[in-house]
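Undergrad: got a predicted model here, sequence first, then my questions.
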Amino acid sequence: MTAAESSLHLGLDVTRTKAVLRASEQCRSDLNRLAARFPGGLRDRLALELTLDDFLVGIDVLADWPHPESVVWTDELSALVGEVLDDADRAEQQLQAPRSDAVWDASAVQSALGPTWRADLTEFQRRDIGRLLSLQHGANFSVPGAGKTRVGLAVYAAMRERGEVRRLLVVSPKSAYEAWLTESELCFKEPPLTAVMGKTPDGMAEILVVNYERLDRSLASLATWLRGAPSMIILDEAHRMKLGAQGKYGSACMALGPLTRRRLILTGTPAPNGARDLENLLSFVWPGHGRRVVTQAVAGGDLAYASSVLRPLFTRTTKKELGLPPFETRIRRLKMPELHREVYDALVGRFTTRAEASRDDFDALGKAMLRLLMAATSPALLIEGGSRYEPLTYQVPPLEVPQGESLYALMGNLPAHELSPKYKEALNIVATNAAMGRKTLVWTTFVRSITTMESLFEAYQPAVVHGGTPDREEQIRRFREDPDCHVLLSNPATLGEGISLHHVCHDAVYVDRDFMAGRFLQSLDRIHRLGLAPGTQTRVTVLAVEGTIDEVVAMRLEEKLEFMGRILDDPSVQQLGDLEDEPSGAAGMDMADVRALLKHVDAVAGH
């Protein structure tokens, strides 16, 4: 039967990344009823266009098509659906009865990699490789530093040795390019041609590396490259597509996944915001199946049970298995100065008599969550300066608060009257650490907060890295190598991934945190990862101002980390959600103390 004679024709769109269901004119009303049962939408009056995952999730509804004898499938879509459903069946069997050969011994793993593999492997890497090779597709949720890049290349090597794949597409952040290029050279006796994607995919490359930002506009050409030979795809730092089909990165990944023979995801933070993130990641690995498996596993709320159910589908090396020394996690709860408190209260709608005069101004500023995070550090950050990132300038000693001035005007000039309790606490920690010869990594969400501390901490010759830093590598080099550079100021969005600082720095301070649990975990691993000397004392201090959004953030992060730790059966993640209270080290410092401290440091630095 030809497509013209069919009541329903099923095929792929021109990019080969979506399913298109096209009905005859006589069956238009039947197509409308069918469309109502899928999450996608009609492309035109006779065609329904669906992501492959949505099509596979709802494929059972096709059984209700009233004219089954005249349904026509293209060979390409039929073969793709058949492969994916077979994969889902194998995954289901693995969940129901995990295979006894799931754990391979060292010799079996080495044999599977073939004679071209030359890189050394740790015991836990061999275990993870064997586990992943026992699955058709898989997920490696090991912590940063466990060597997930090498494990991913080993799985590819084994698939290539079997003759099942001949190409590998790696989707990763730009910060991971160097690791993939370097590891592909180290792991193989005859290194495969590995290329970072330019304007178009390199047709000669065996391993092609592309960043998440390029996926959407390169979807058609990447789909063609994957179809040029039997292929494997690896998503590195896969939590970047945690929004699944609802996000730009996720929808592109979901479209490319089913075009490959083997799918593997790598991330140490698979569920930073709960079960939905995990659903989307496993939907990429097993389209039409992963979402349902996670939903069913966590439905009862018993995370220990859910972990046992999902465990056959992923491998994870924990920090305890890496043999890392434990780290201390503390939270210092700080009190606001009087004027700071009055301004913050006005921003959230609690108005004093003085604040009432500026109610409209405060209402306009206090709506957004990020603004409240800024205000917990210093409301003055909300007032635009002469330039976008102009630092706040603190008056030492502070000026008296003038009588009769509006609260809104005082907010803009707050640094003249009060020092932010967070900056004071961070300064105290940096000074204490510097006196002991310890370097400090200070995190804050906001660039203007970075520039303010850069000025405030000038005596400690801070290195500074944010999105607009032109000499990032030089700043990091200086922090690592210059003994007079005692502090690195950065934000997790810029430096939270792809860099190791654990050989020179063992203290981290969070001036503020947002609600992104995955970013918090990733940033922690900059100073606590494989290679730490035995007995190293790593200290993590979170600053939180009492009675502010900081307390809401701490509560939500605790819930998210508790979920992730229990679903992964990893107590070290749960520990981070339950921070131990520690008294403020700067509680007794007034502005005169701060001034004396800075003078002392300047005097010492001058000798």
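TA: Received the coordinates, thanks. Computed from a predicted model, the values in this text were never measured in an experiment.

Undergrad: run through the chain and note the low-pLDDT ranges.
TA: Applying pLDDT under 70 to the chain picks out residues 1-4, 40-43, 94-103, 245, 349-369, 396-397, 578, 586-607.

Undergrad: can you give me the helices in the stretch 51-200 of the chain?
TA: Secondary structure of the stretch 51-200 of the chain (DSSP state H, counting those that start in this stretch): helices at 52-57, 75-96, 106-113, 123-133, 148-162, 177-187.

Undergrad: now mean neighbour count and distance to residue 491 too, for those helices, in TSV please.
TA: Using the backbone N, CA and C atoms, a C-beta is placed for each residue, glycine as well. What follows is the helices of the stretch 51-200 of the chain, written out as TSV (neighbours: other CB atoms under 10 Å; distance: least, CB to CB, whole Å):
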stretch	mean neighbour count	distance to residue 491
helix 52-57	24	33
helix 75-96	15	38
helix 106-113	16	40
helix 123-133	21	31
helix 148-162	23	24
helix 177-187	17	21
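
Undergrad: tabulate the ones you listed (JSON lines), appending distance to residue 325.
TA: JSON lines is the format used below for the helices of the stretch 51-200 of the chain (distance: least, CB to CB, whole Å):
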{"stretch": "helix 52-57", "distance to residue 325": "42"}
{"stretch": "helix 75-96", "distance to residue 325": "35"}
{"stretch": "helix 106-113", "distance to residue 325": "27"}
{"stretch": "helix 123-133", "distance to residue 325": "17"}
{"stretch": "helix 148-162", "distance to residue 325": "21"}
{"stretch": "helix 177-187", "distance to residue 325": "24"}
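
Undergrad: of all the ones you listed, which one is nearest residue 438?
TA: Proximity to residue 438 (CB to CB) singles out helix 177-187 among the helices of the stretch 51-200 of the chain, at 27.9 Å.

Undergrad: show residues contacting that closest one.
TA: 117-119, 149-150, 153-154, 157, 170, 172, 191-192, 194, 196, 207, 209, 211, 236, 498 (CB atoms under 8 Å, 6 or more residues apart in numbering).

Undergrad: related to what we said a few turns ago, quick one: which of the helices of the stretch 51-200 of the chain is nearest residue 564?
TA: The closest of the helices of the stretch 51-200 of the chain to residue 564 is helix 148-162. By CB to CB, the value is 16.8 Å.

Undergrad: for that closest one, packing partners?
TA: helix 106-113, helix 123-133, strand 138-140, helix 177-187, strand 231-236, strand 262-266 (3 or more CB pairs under 8 Å, 6 or more residues apart in numbering; DSSP states H and E).

Undergrad: name the nearest residue to residue 87, sequence neighbours excluded.
TA: residue 136 (5.1 Å; CB to CB, 6 or more residues apart in numbering).

Undergrad: is it true that residue 104 touches residue 128?
TA: No. Distance between residue 104 and residue 128: 10.3 Å, which falls outside the contact criterion (CB atoms under 8 Å).

Undergrad: ok so, going back, so what's the residue count around the residue nearest to residue 87?
TA: For residue 136, the neighbour count with other CB atoms under 10 Å is 19.

Undergrad: can you tell me how far it is from residue 562?
TA: 32 Å (CB to CB, to the nearest Å).

Undergrad: neighbours of residue 509, how many?
TA: Residue 509: 23 neighbours (other CB under 10 Å).

Undergrad: quick one: contacts for the residue nearest to residue 87?
TA: Residue 136 makes contact with 87, 90-91, 262, according to CB under 8 Å, 6+ apart.

Undergrad: could you export those residues as a markdown table, including distance to residue 227?
TA: Shown next, in a markdown table, are the contacts of residue 136 (distance: CB to CB, whole Å):
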| residue | distance to residue 227 |
| --- | --- |
| 87 | 18 |
| 90 | 23 |
| 91 | 24 |
| 262 | 15 |
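
Undergrad: out of those, who's nearest residue 342?
TA: residue 91 (57.7 Å).

Undergrad: correct me, but that closest one touches residue 135?
TA: Yes. Here residue 91 reaches residue 135: they are 7.4 Å apart, a contact under CB under 8 Å.

Undergrad: and for the two, which residues touch both?
TA: Residues touching both residue 91 and residue 135 (CB under 8 Å, 6+ apart) are residue 313.

Undergrad: residue 282 is nearest to which of the helices of the stretch 51-200 of the chain?
TA: Counting by CB to CB, and looking across all of those, nearest comes helix 75-96 at 9.1 Å.
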